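K.L.:
here is my input; please provide its structure:
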Amino acid sequence: MTDIDIQTKPQYIEEQSKPEEPRYVYAYTIRITNNGQQAAQLISRHWKIVDENEQLQEVRGLGVVGEQPRLEPGESFSYSSGVIIETPTGTMEGSYTMKRDDGSQFEAAIDTFALIPPNALH
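P.N.:
The predicted model follows:
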């Protein structure tokens, strides 16, 4: 178990998707929990988004949703965001750069999760 636990929950947004364009919209909710013994602050994010045509989008930036949350041991932070891909399905994975109070930094991995509309799997 790592110090930072990251849970993901993607959701297809049918009313914003336009398959004829092609445009498939997904929302995702992330819950970050500090299971470590020290406080840690989320400094930046790095996402790799791949559609079924192997088209890669990479997203890097400071914080998440305009914030750089600092989590004390046992604390959690949740946020929601979204992504648009050109195929019905895809995957996302990435990492957060975290900083401890002593200035040391580490990467918290975000496991790959699937972007799949309901009823896409038989």
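K.L.:
on the pLDDT front, check the most centrally placed residue in the chain for me.
P.N.:
Centroid-nearest residue in the chain, with CA atoms, centre = their mean: residue 30, separated by 6.0 Å. Listed pLDDT for residue 30 reads 98.
K.L.:
so which strand or helix has it?
P.N.:
strand 24-34 (DSSP states H and E).
K.L.:
list the helices and strands that strand packs on?
P.N.:
Here strand 24-34 touches strand 4-12, strand 70-71, strand 76-85, strand 90-100, strand 105-115, going by 3 or more CB pairs under 8 Å, 6 or more residues apart in numbering; DSSP states H and E. Yep, even glycine has a C-beta here, placed from its N, CA and C like the rest.
K.L.:
quick one: buried residues of the last one?
P.N.:
In other words, strand 105-115. Neighbour counts over strand 105-115 (16 or more other CB atoms under 10 Å) mark 108, 110, 113, 115 as buried.
K.L.:
okay, the residues you listed in JSON lines with pLDDT and distance to residue 42 next?
P.N.:
Shown next, in JSON lines, are the buried residues of strand 105-115 (pLDDT from 0 to 100; distance: CB to CB, whole Å):
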{"residue": "108", "pLDDT": "97", "distance to residue 42": "8"}
{"residue": "110", "pLDDT": "97", "distance to residue 42": "11"}
{"residue": "113", "pLDDT": "98", "distance to residue 42": "18"}
{"residue": "115", "pLDDT": "98", "distance to residue 42": "22"}
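K.L.:
these into a markdown table, with extra columns for distance to residue 76?
P.N.:
Formatted as a markdown table, those follow (distance: CB to CB, whole Å):
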| residue | distance to residue 76 |
| --- | --- |
| 108 | 13 |
| 110 | 15 |
| 113 | 18 |
| 115 | 23 |
